[in-house]
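# sequence first, then the predicted structure:
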Amino acid sequence: MAENTAPAARVPASLDATYIDGSPTPLPKRDSIATNERTRIGALTPVKSSDMALNDPQPRCLFFDVFGTCVDWRKTVTDELWAQAREALNSPSSSIASRIRFLASDMTYEEWGELAQEWRNGYLKFTREVASNPDPTNHT
């Protein structure tokens with residue numbers, strides 16, 4: 001009777017490397033014996049703490065790209081725009097022009113998301129302009 005075992009996973013060379021593209025951070029090796037049934041790729045083996053030790057030169061600064069990578073800014077901003085618009089539209093003390101009240105009342109959640117994206121695009125344009133020309137008198 002034949003055993004019902006999965007064939008050994010063939011691991012691409014790029015996934016088996018300790019360093020990928022010259023990365024200074026050791027990446028975990030793939031264990032071709034402990035295959036993942038879903039992907040058929042070897043499971044990750046833990047990286048030893050000695051492999052993670054920082055050698056000379058010691059880092060002087062760490063950068064993190066969290067805006068849009070670790071933080072879902074779009075949903076957060078859209079939720080807040082949606083909530084604040086509803087609150088302002090339902091408040092009897094809000095002094096909102098009739099045309100603006102009509103437009104805001106008619107906007108869907110998705111349209112508030114589009115507005116958030118338009119703001120983000122403008123913000124990116126502005127920050128790139130500031131980065132390319134730090135003289136504040138030349139900003140639009």
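Yep, that arrived.
# would you mind extracting the C-alpha trace of stretch 105-125 into CSV?
Provided in CSV are the C-alpha atoms of stretch 105-125 (Å, rounded to 0.1, in the frame of the first residue of the first chain):
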residue,chain,number,x,y,z
SER,A,105,-26.1,65.0,2.0
ASP,A,106,-26.0,63.3,-1.4
MET,A,107,-22.4,62.0,-1.1
THR,A,108,-21.9,58.2,-0.6
TYR,A,109,-19.3,56.7,1.6
GLU,A,110,-17.3,55.8,-1.5
GLU,A,111,-17.4,59.4,-2.6
TRP,A,112,-16.0,60.5,0.7
GLY,A,113,-13.3,58.0,0.1
GLU,A,114,-12.6,59.5,-3.3
LEU,A,115,-12.4,62.9,-1.6
ALA,A,116,-9.9,61.5,0.9
GLN,A,117,-7.8,60.2,-2.0
GLU,A,118,-7.9,63.6,-3.8
TRP,A,119,-6.7,65.2,-0.5
ARG,A,120,-3.9,62.6,-0.3
ASN,A,121,-2.8,63.3,-3.9
GLY,A,122,-2.7,67.0,-3.2
TYR,A,123,-0.8,66.4,0.0
LEU,A,124,1.8,64.3,-1.9
LYS,A,125,2.2,67.0,-4.5
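# buried ones in that stretch?
Neighbour counts over stretch 105-125 (16 or more other C-beta atoms under 10 Å) mark Trp112, Gly113, Ala116 as buried. Any C-beta I mention is one placed from the backbone N, CA and C, and that applies to glycine too.
# next step: the residues you listed restricted to strands.
Per DSSP state E, strands hold no members of the buried residues of stretch 105-125.
# give the other helices and strands that the helix of greatest length in the chain contacts.
For the chain, the helix reaching the highest residue count under DSSP state H is reported as helix 109-132. Counting contacts by 3 or more C-beta pairs under 8 Å, 6 or more residues apart in numbering; DSSP states H and E, helix 109-132 packs against helix 73-90.
# closest one to Leu62 out of the buried residues of stretch 105-125, please.
Within the buried residues of stretch 105-125, the smallest distance to Leu62 is 28.6 Å, found for Ala116 (C-beta to C-beta).
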